[in-house]
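Chemist: Give me a model of this one.
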Amino acid sequence: MALIEVLNRKSNKLFHRVAHNVYAGDAQYIFPLESDIDFVFNRNKNAAFKLGDARRWVMLEGERAVGRIAAFYSQKEEGIVGGIGFFECVENQEYANNLFDTALNWLDEKGAKICNGPINFGDRDKFWGLMVEGFHLPTYLENYHKPYYQKLFENYGFKPHREQITFRIDRSKFDTKRFTKVAEWISRKPGFKFKHFEKNNAEAFVKDYVEVYNQSLTSNSEFNAISFEEAMRLFKAMKHVLVEEFIWFAYAQDRPIGVLVVIPDINTVLKPLKGRFNKWNRIRFHFFRRSTSIHNLKAMVIGVAPKFQGFGIDTVLVYKFYKEVVKTDQYRTAELPRNEAKNQAIMQMMQNMNAEIFKRHVIYQIEIGKKL
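Modeler: Numbers count the residues shown, from 1 in each chain. Okay, the predicted model is just below:
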């Protein structure tokens, strides 16, 4: 057994290779695009490096890559906060412990007292949490894990810190009558307007997105404010899968107050690519993307400015989106943004929509000083 740090193209290739060895034969697993993971650790592209740093390691058994982990930290108001992510490992507690020890020792050297994981070095809507229930096909940028990973984390000493739930709406079970009545009543109130995204006016809508995102989501310390430049890069990266009528904005007196971003879940199309987005796979992707083989939708973001939360703005956004979805028979289900299990208001809203609990992810935490 040997542990090497990822420092060059060869070791980076081994980092990606781990998943191929761990998930061989797992029909549910869909390899994340290697380019999406590489972005996270690119100092010139990932804004998280402005407030922190990251390291990665690969575990080898002979020449076979059997484990990997990334460690990173961010400078927050409360101090240096550590994290681990992109953990993959064969079913071997000794190997897992070695990976965890390596990551926590590095974080300890950097001054971190607490470590959360598995999480992303950056936005929390990507590569976030350990899947512990509902081992269904992962959506784009969603973590999928082997069931035994929970034991690897908990045996080491990680404790559950936060639980997040993914709800799924089945089109055939959606309570349209209730939502229609409430949404139409709210949308008729004076001063409110609702518009969908327009690619020809992308910059204006992206500005509105940034304003709402930074108001509605960054009150949570785990969210980082997003700049206009970062948001533009995000929308440009998604331009091939964006459907204008699936992205809705709410306005009060012409000021943006709410946003809903839903995209077709491209992961089913990505599955045959096995994480590699080379020239040939790009051609295959664009061919399948235009087909009707995508039946699931993924809600990336739903947010309402704090001042307008509780007004039913989110209900109208979902309703406006739903009216567009039913114009075609292609899409059958939609997975909603993850919510904290303790958020009773969201739980009630999901129940009102006849949404089902589809997946659970747990963010674990450990006190570094007590473990080392």
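Chemist: okay, how far is it across stretch 27-34, tip to tip?
Modeler: 19 Å (CA to CA, to the nearest Å).
Chemist: Let me fix that, I meant to ask about stretch 232-248.
Modeler: With CA to CA as the measure, stretch 232-248 spans 17 Å from end to end.
Chemist: Give me the contacts around that stretch.
Modeler: Stretch 232-248 has contacts (CB atoms under 8 Å, 6 or more residues apart in numbering) with 194-199, 202-203, 205-206, 209, 226, 259-264, 266, 286, 289, 297, 317, 320-321, 324-325. No exception for glycine: its C-beta is placed from N, CA and C like everyone else's.
Chemist: buried subset of those?
Modeler: Among the contacts of stretch 232-248, the ones that count as buried by 16 or more other CB atoms under 10 Å are 194, 196-197, 202, 205-206, 209, 226, 259-264, 266, 297, 317, 320-321, 324-325.
Chemist: Counting only strands, which of the contacts of stretch 232-248 make the cut?
Modeler: Applying DSSP state E to the contacts of stretch 232-248, the entries found in strands are 194-196, 259-264, 297.
Chemist: Then residue 25 would be within a strand, right?
Modeler: No. Looking at residue 25 with DSSP: H, G, I helix; E, B strand; the rest coil, it is coil, so not inside a strand.
Chemist: Could you report the separation of it from residue 146?
Modeler: Distance check for residue 25 against residue 146: by CB to CB, to the nearest Å, it reads 12 Å.
Chemist: Tell me which of the two has more neighbours.
Modeler: Neighbour comparison, residue 25 and residue 146: the larger count goes to residue 146, with 18 against 5 (by other CB atoms under 10 Å).
Chemist: any idea how far that one is from residue 24?
Modeler: Counting by CB to CB, the gap from residue 146 to residue 24 is 11 Å.
Chemist: Would you map the strands across this protein?
Modeler: According to DSSP E, the chain carries its strands in the segments 2-5, 52-61, 64-76, 79-89, 114-117, 130-133, 159-170, 192-196, 247-252, 255-264, 296-304, 333-335, 339-340, 356-367.
Chemist: now for the third one, which elements pack on it?
Modeler: Looking back up the chat, that one is strand 64-76. Counting contacts by 3 or more CB pairs under 8 Å, 6 or more residues apart in numbering; DSSP states H and E, strand 64-76 is packed against helix 9-22, strand 52-61, strand 79-89, helix 93-109.
Chemist: Please identify which of the ones you listed is closest to residue 350.
Modeler: Minimum separation from residue 350 across those (CB to CB) falls at strand 79-89, 27.0 Å.
Chemist: which residues sit against the closest one?
Modeler: 15, 18-19, 22, 37, 40, 56, 59, 66-74, 95-96, 99-100, 103-104, 107, 110-121, 127, 149, 152, 368.
Chemist: Buried ones from those, can you make that a ChimeraX selection?
Modeler: Here is the ChimeraX selection string for the buried members of the contacts of strand 79-89, based on 16+ other CB under 10 Å:
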select :15,18,19,22,37,40,56,59,66,67,68,69,70,71,72,73,74,95,96,99,100,103,104,107,112,114,115,116,117,118,119,120,121,127,149,152,368
